[in-house]
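Asks: sequence plus the predicted model coming up.
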Amino acid sequence: MVDDYLNILKKTGWHRSHIIQAPISAQRFTAVVVAAMHKKRILGAIGRYVIILKQSG
């Protein structure tokens, strides 16, 4: 999905300088989601990507 955004931005004259994955607190998980994850033995992690771009030319 990040690659799709980068391809779209590249077509409009931008190029990637940096990509940073920033973790977010697990407090965003609700109790119901956590219980389901425990039952299915799934490890969950929440994060967002920060993309730093520079304009070409």
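Replies: That came through, no problem.
Asks: please name the nearest non-neighbouring residue to Ile46.
Replies: Ile24 (4.4 Å; C-beta to C-beta, 6 or more residues apart in numbering). Bear in mind the C-beta positions are built from the backbone N, C-alpha and C, glycine included.
Asks: next up, the contacts around that neighbour.
Replies: Ile24 makes contact with 46-48 under the criterion C-beta atoms under 8 Å, 6 or more residues apart in numbering.
Asks: want to throw those into TSV with distance to Val33?
Replies: TSV is the format used below for the contacts of Ile24 (distance: C-beta to C-beta, whole Å):
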residue	distance to Val33
Ile46	11
Gly47	16
Arg48	18
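Asks: by neighbours, which of the residues you listed wins?
Replies: When neighbours are counted by other C-beta atoms under 10 Å, Ile46 leads the contacts of Ile24 with 12 neighbours.
Asks: ok, now how distant is the residue nearest to Ile46 from Gly47?
Replies: 6 Å (C-beta to C-beta, to the nearest Å).
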